[in-house]
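[1] Here is the input, now give the coordinates:
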Amino acid sequence: MDQFLHLVTTVNGVLNQFAWGPVMLILLVGTGVYLTVRTGCLQVRRFGYIMKHTIATLFQKQDKDHGNNLSPFQAVTTALAGTVGTGNIAGVTGAIFVGGPGAVFWMWVSAFFGMCTKYCEILLAMKFRVTDEKGVNKGGPMYYIEYGLGKNWKWLAAAFALLGGLASFGIGNIAQSSEISGAMSGLFGLDPLITGIALAVIVAIVIFGGVQRIGQVTSYLVPFMALFYVIAGLFVIFLRITEIPAAFAAIFQGAFSFESVGGGIFGYAIMVAMRQGVARGVFSNEAGLGSAPIAHAASSTKDPGDQAIWGVFEVFFDTIIICTITALSVILSGVLGTDGGLDAFASKGSAAVAAFNSILPGSLGGIVIQISLLFFALSTILSWSYYGERCWAYLTKGNKAVDLVYKGLFTFMCVVGALGSGTLMWDISDTLNGLMAIPNLIALLALSGIIIRETRDYFDRKAKLN
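    Next comes the predicted model:
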């Protein structure tokens with residue numbers, strides 16, 4: 001058994017190096033660059049329009065009749081619940097420790113092109129979604145691969161669904177449950193088993209209520225947790241406001257300096273900063289991975305473009321705002337100079353705690369981070385439960401028995417993750433999560449002609465209405 005586990009670990013390590021390695025990261029960013037060029041740099045040229053018709057609409061009266069589907073806002077918060085997670089804190093912290101402050105610059109670069117990538121993903125998900133006999137909208141990469149590329153590509157759609165369905169147990173559950181367990185232990189000294197059982201009960205109540213209940217919960221949870229972390233983070237940055245110019249200088253110098261990671265082989269330091277920044281950026285905002293379009297496709301929105309522009313806002317908010325707040329807090333805190341680097345801390349999360357604690361009085365920083373991790377992780381679990389549900393439903397043609405088994409197993413994994421006994425599965429799921437991008441990117445590139453036509457038609461229609 002030990003030999004088998006060693007073999008699995010070794011094989012997964014090799015695949016993980018590919019899934020999150022230079023080739024895949026170049027493909028992910030390269031696809032974003034290609035789509036950005038073909039759409040005429042939509043994320044810049046249409047940025048004002050996008051903000052006006054996304055975040056600004058939250059202050060307008062909303063239509064309350066959405067049938068059996070999510071409201072546009074609920075679809076966005078469900079998608080944001082999956083993207084705004086532990087990667088925004090622990091992931092960013094780890095990237096800076098390994099790649100230096102310069103990793104932040106490359107994280108911004110990946111986010112810039114990722115805005116366009118996610119817009120395109122959602123546009124296709126909306127265009128090729130299906131509606132069942134109950135009026136429920138269903139979509140995502142598996143649908144735009146099958147119906148966009150044709151029946152001969154159904155195997156690629158199934159590959160995406162299988163990878164997504166399996167990844168939901170790890171990246172969408174075990175990793176998050178572990179963070180929640182750590183947060184509850186730090187805040188209240190709660191036993192991991194009790195945390196796991198309580199979490200399983202909460203998750204079961206929500207996910208067995210269907211996508212509408214998930215949407216209802218995330219529509220309250222996501223704004224609260226985002227506002228809490230943004231306000232706390234801005235306050236931390238404000239306390240070191242005079243050092244901000246130096247922090248930005250370190251970011252830009254580190255992005256191109258050959259000495260950004262302690263010297264090393266000529267040019268190697270830049271490669272490390274670039275890889276860490278791009279990888280953590282993609283891991284955080286999930287642009288190109290194909291997960292968020294599944295939630296957006298469940299929206300009641302009629303016009304694909306109206307929902308797709310939320311993808312630009314989603315990446316902007318996740319990476320440019322939230323990840324940047326974490327990055328500046330870590331750099332301003334001075335913990336990067338800690339002897340032993342990241343190894344001096346028990347985890348990436350504890351490194352973030354140390355950063356906030358060094359600026360805020362007492363242990364207040366640790367409380368802020370632990371509360372944030374708690375809500376970030378919970379929201380990610382709820383969102384990914386739906387992603388996994390839709391993936392398995394696609395593979396089994398909506399078999400209700402499989403759906404019940406999946407939800408039951410997903411709920412049980414909350415306990416496994418809380419006890420910290422799912423490390424290998426988390427590692428495997430991290431690999432599967434990266435591999436999800438391959439079929440999705442193939443579809444984005446192959447269907448780019450449709451994306452350009454739909455984008456042009458959408459903005460032409462909107463121009464005529466104004």
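[2] in the stretch 1-150 of the chain, which spans are strands?
    130-131, 137-138 (DSSP state E, counting those that start in this stretch).
[3] most tightly surrounded among the ones you listed?
    For the strands of the stretch 1-150 of the chain, average neighbour numbers computed from mean count of other CB atoms under 10 Å are highest in strand 137-138, which has a mean of 22. Every C-beta, even on glycine, is put in place using the N, C-alpha and C of the backbone.
[4] can the strands of the stretch 1-150 of the chain go into a markdown table with extra columns for distance to Leu447 and mean pLDDT?
    Compiled in a markdown table, these are given as follows (distance: least, CB to CB, whole Å; pLDDT from 0 to 100):
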| stretch | distance to Leu447 | mean pLDDT |
| --- | --- | --- |
| strand 130-131 | 16 | 90 |
| strand 137-138 | 18 | 91 |
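[5] burial count for Leu7?
    10 (other CB atoms under 10 Å).
[6] State the distance from it to Gln17.
    Computed as CB to CB, to the nearest Å, the Leu7 to Gln17 distance reads 16 Å.
[7] Give me the below-cutoff pLDDT ranges for the stretch 1-150 of the chain.
    Within the stretch 1-150 of the chain, the ranges that satisfy pLDDT under 70 run 1-2, 4-5, 58-68.
[8] So which residues of it form helices?
    With DSSP state H, counting those that start in this stretch as the criterion, the stretch 1-150 of the chain has helices at 2-19, 22-38, 42-45, 47-52, 72-83, 90-99, 102-127, 141-144.
[9] quick revisit: out of the strands of the stretch 1-150 of the chain, nearest to Thr93?
    Nearest to Thr93 among the strands of the stretch 1-150 of the chain is strand 137-138; the distance by CB to CB comes to 36.5 Å.
[10] And that closest one, what does it pack against?
    The contact analysis (3 or more CB pairs under 8 Å, 6 or more residues apart in numbering; DSSP states H and E) places strand 137-138 against strand 130-131.
[11] Can you list the strands that the strand it packs on pairs with?
    Partners of strand 130-131 in the sheet, by DSSP bridges, are strand 137-138 (antiparallel).
[12] contact partners of the partner strand?
    With contact meaning CB atoms under 8 Å, 6 or more residues apart in numbering, strand 137-138 is reached by 69, 129-132, 297-300, 390, 393.
[13] Now Ser363. Nearest residue, chain neighbours left out?
    Asn357 (6.2 Å; CB to CB, 6 or more residues apart in numbering).
[14] who's in contact with the one you found?
    363-366.
[15] So which of these sit within strands?
    Judged by DSSP state E, the contacts of Asn357 include no members of strands.
[16] Switch the residues you listed over to TSV; also include pLDDT, neighbour count and distance to Leu149.
    As requested, the contacts of Asn357 are arranged in TSV below (pLDDT from 0 to 100; neighbours: other CB atoms under 10 Å; distance: CB to CB, whole Å):
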residue	pLDDT	neighbour count	distance to Leu149
Ser363	81	13	54
Leu364	84	14	52
Gly365	82	22	49
Gly366	82	20	49
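[17] Any chance of those residues in CSV with distance to Ile180 as columns?
    Supplementary listing: these in CSV, determined by distance: CB to CB, whole Å:
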residue, distance to Ile180
Ser363, 19
Leu364, 20
Gly365, 19
Gly366, 16
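[18] Just the closest of these to Ala175, please.
    Using CB to CB, the shortest approach to Ala175 within the contacts of Asn357 belongs to Gly366, at 20.3 Å.
[19] So that closest one is in contact with Ala352, correct?
    No - using CB atoms under 8 Å, Gly366 is not in contact with Ala352, being 9.1 Å away.
[20] circling back to that earlier point, any chance of a ChimeraX selection covering the buried ones in the contacts of strand 137-138?
    The buried residues among the contacts of strand 137-138 can be selected in ChimeraX (16 or more other CB atoms under 10 Å) with this line:
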select :69,129,297,298,299,300,390,393
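[21] which of the contacts of strand 137-138 lies closest to Thr242?
    Closest to Thr242, out of all of the contacts of strand 137-138 and judged by CB to CB, is Ser299, at 44.3 Å.
[22] How confident was the prediction at the closest one?
    In this prediction, Ser299 carries a pLDDT score of 90.
[23] Apart from its neighbours in sequence, what residue is nearest it?
    Once flanking residues are discounted, Ser299 sits nearest to Ala75: 3.7 Å by CB to CB, 6+ apart.
[24] Not counting its neighbours along the chain, what's nearest Ser385?
    Ile207 (4.5 Å).
[25] From Tyr229, how far out is the one you found?
    In this structure, Ile207 and Tyr229 are 24 Å apart, going by CB to CB.
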